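>>> what's the 3D shape of this:
(one chain, ligands or ions: 1)
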Amino acid sequence: MPLASEVDVAIIGAGAAGLGAARALEHSGLSLIVVEARDRVGGRGHTIMAAPDVTFDVGCGWLHSADRNSFVQIAGRLNFEIDKTRPPWREQGFDAAFPPKERLDFIDALDAFYDRAEEAARSGRDSPASACLEPGNRWNPMINAISTYVNGSELDRVSISDMDAYEDTNINWRVRRGYGALMAAYGAPCSVALKTQVTLIDHSGPRVRIETSRGTLSAAKAIVTVPTNLIADESIRFHPKLPAKVDAARGLPLGLADKVTLALDQPESLPKDGNLRGATMRTAMGGYHLRPFGQPCIEGFFGGRFARELEDAGDGALAAQAIDEIVALLGSDYRRRQKPLAESRWALDPFARGSYSHALPGHAGDRAVLAAPVDGRLFFAGEATSPNFFSTAHGARDSGERAALEVVASDAKR
Ligand SMILES: Cc1cc2nc3c(=O)[nH]c(=O)nc-3n(C[C@H](O)[C@H](O)[C@H](O)COP(=O)(O)OP(=O)(O)OC[C@H]3O[C@@H](n4cnc5c(N)ncnc54)[C@H](O)[C@@H]3O)c2cc1C
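Residues are numbered from 1 along each chain as shown. Next up is the predicted model:
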């Protein structure tokens, strides 16, 4: 769509937050445009058909805290089937190199770690979550691996207070046709200017002047929803500068999680929705979802510094690592039976530069700083601004709705 020259509200970014804001304002009587750098909506929610029979969510896949997840109702309204199969994360297919007794021992150690973290958070003094590891515990590397999946980062860079603020109801569902596909359908009614990158938000005058790769736009108000790393490194700039926002974004960096999907020959020999951990005694390893939804594929998941190393190693490195780990667990026959289909590289993605936010130790309060409006004209949303569902797609969407309500309230005050 062409870039309008004047609107009441410009929304920067068409991810879950931007679309949530736009949908919440659709009957407000305000004129709107969503300005999006990519050639598609959804941002970190993106579903592709990796093969004719393999749907692959390159970004978000799980409806976390599904009993409180606003996308569940939206899926119902849009006729997207929800799969309520329990996630297999605590299992290990064929007990491969991880027998049940060892698994129970690990789960006890993990639960004890979370108990210690909860207690530490109650003290009110923040510190790195790694301080809650029991010195010398043999499961520490693997607890750290879980953190790389959950936080996108090792525990030494994760705030205990922030980790504790996250509300996990332990109910996780999936969207059969893909979470990204659901987001795209949810955003379909919105007016979105695609392939339009915002470079500067000038709020020095009576109206907000937004410089983009396709010209300048004037808006009464703007809602900014871009990922924190882009605010932190000022690839999107403000005039006058907003140092408090840049500092808050720096306290909430995006950790890294990457995914790969591998086509599987003779899929019946593996359990539907099974799980494999690539290793047990180290942090640098993949987690594998066997035949998600019964599809003929295996999905691999890597996080933290190891994911970064694999991205840096170039195209195909995630797939190669996944195949090696699965072969080591299930046998050499699997080298021939797996074929790379698609993989993500979220750190190298110029409009994400990472996967989801975590607070650095001492920075849990930055979420509220980032979320706060400026002068009743600039509003901030995005997963990193969510007080309790940060790092998730529904947290992002809800934050967009929150920012939309702030816009309406600020309008009523004038
Ligand atoms: C591998 C991976 C797995 C994940 N798994 C899950 C999961 O299972 N469940 C879950 O709930 N969440 C998951 N997430 C996180 C979830 O995807 C995000 O938290 C959520 O989608 C973020 O939405 P957002 O609107 O805040 O940001 P984004 O989706 O990043 O949207 C911001 C938008 O702004 C655009 N933009 C950036 N810069 C500019 C600019 N200068 N001008 C214009 N537009 C710009 C971007 O292109 C993007 O579309 C996962 C993420 C990844 C990467």
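>>> max-length strand in the protein?
Ranked by number of residues, the top strand in the chain under DSSP state E is strand 215-224.
>>> List the buried residues for that strand?
Buried residues in strand 215-224, counted by 16 or more other Cβ atoms under 10 Å: 217-224. Glycine gets a C-beta too; all of them are placed from N, C-alpha and C.
>>> name the helices or strands packed onto that strand?
strand 6-12, strand 32-35, strand 208-212, strand 378-380, helix 393-413 (3 or more Cβ pairs under 8 Å, 6 or more residues apart in numbering; DSSP states H and E).
>>> Which of these sits closest to residue 255?
Closest approach to residue 255 among the helices and strands packed on strand 215-224 is made by helix 393-413 (14.8 Å; Cβ to Cβ).
>>> could you check the angle strand 215-224 makes with the closest one?
Angle between the axes of helix 393-413 and strand 215-224 is 100 degrees (criterion: axes from the mean of the first three to the mean of the last three Cα atoms, to 10 degrees).
>>> ok now helix 393-413, how far from the chain's centre?
Per Cα atoms, centre = their mean, to the nearest Å, the displacement of helix 393-413 from the mean C-alpha position of its chain is 20 Å.
>>> Run the angle between it and strand 6-12 for me.
Following the same axes, to 10 degrees, one obtains 150 degrees for the angle between helix 393-413 and strand 6-12.
>>> now check helix 393-413, is it near the ligand?
Yes. Residues of helix 393-413 are located near the ligand by Cβ under 6 Å from any ligand atom, namely 393-394, 396.
>>> Pick out the one among the residues you listed with the largest number of neighbours.
Using other Cβ atoms under 10 Å as the neighbour criterion, residue 396 leads the residues of helix 393-413 next to the ligand with 33 neighbours.
>>> Pretty sure that one sits against residue 402.
No. In terms of Cβ atoms under 8 Å, residue 396 does not count as a neighbour of residue 402; the distance is 10.7 Å.
>>> shared neighbours of those two, anything?
residue 381 (Cβ atoms under 8 Å, 6 or more residues apart in numbering).
>>> Not counting its neighbours along the chain, what's nearest residue 316?
Spatial nearest neighbour of residue 316, excluding adjacent residues (Cβ to Cβ, 6 or more residues apart in numbering): residue 340 at 6.4 Å.
>>> name the element the one you found belongs to?
Using DSSP states H and E, residue 340 sits in strand 338-343.
>>> in the stretch 251-400 of the chain, which spans are strands?
254-255, 257-264, 274-277, 287-290, 297-303, 338-343, 356-357, 378-380 (DSSP state E, counting those that start in this stretch).
>>> Could you dump these into a markdown table and include mean pLDDT?
Shown next, in a markdown table, are these (pLDDT from 0 to 100):
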| stretch | mean pLDDT |
| --- | --- |
| strand 254-255 | 98 |
| strand 257-264 | 98 |
| strand 274-277 | 96 |
| strand 287-290 | 97 |
| strand 297-303 | 98 |
| strand 338-343 | 98 |
| strand 356-357 | 98 |
| strand 378-380 | 98 |
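>>> Deepest-packed of these, please.
Most buried of those, by mean neighbour count (mean count of other Cβ atoms under 10 Å): strand 356-357, with a mean of 28.
>>> what's it in contact with?
Taking contacts as Cβ under 8 Å, 6+ apart, the residues outside strand 356-357 that touch it are 44, 151-152, 227-228, 252-255, 257, 383-384, 390-392.
>>> Looking at the helices and strands packed on strand 215-224, which is nearest to residue 134?
helix 393-413 (30.4 Å).
>>> any idea of the mean pLDDT in the closest one?
Helix 393-413 carries an average pLDDT of 94.
>>> Packing partners of it?
Helix 393-413 packs on helix 16-24, helix 70-77, strand 215-224, strand 378-380, going by 3+ Cβ pairs under 8 Å, 6+ apart.
>>> Tell me which of those lies nearest to residue 363.
The closest approach between residue 363 and any of those, judged by Cβ to Cβ, belongs to strand 378-380 at 16.0 Å.
>>> just to revisit the earlier point, ok, the longest strand of the chain near the ligand or not?
No. On the criterion Cβ under 6 Å from any ligand atom, strand 215-224 is out of touch with the ligand, staying 9.1 Å away.
>>> What average pLDDT does that strand get?
Per-residue pLDDT over strand 215-224 has a mean of 98.
>>> Check stretch 159-170 too.
The pLDDT scores in stretch 159-170 average 97.
>>> Next, the buried residues of it.
Quick answer for stretch 159-170 (16+ other Cβ under 10 Å): 159-166.
>>> Then stretch 190-207?
Neighbour-count burial for stretch 190-207, counted by 16+ other Cβ under 10 Å, picks out 190, 192-193, 196-198, 201-203.
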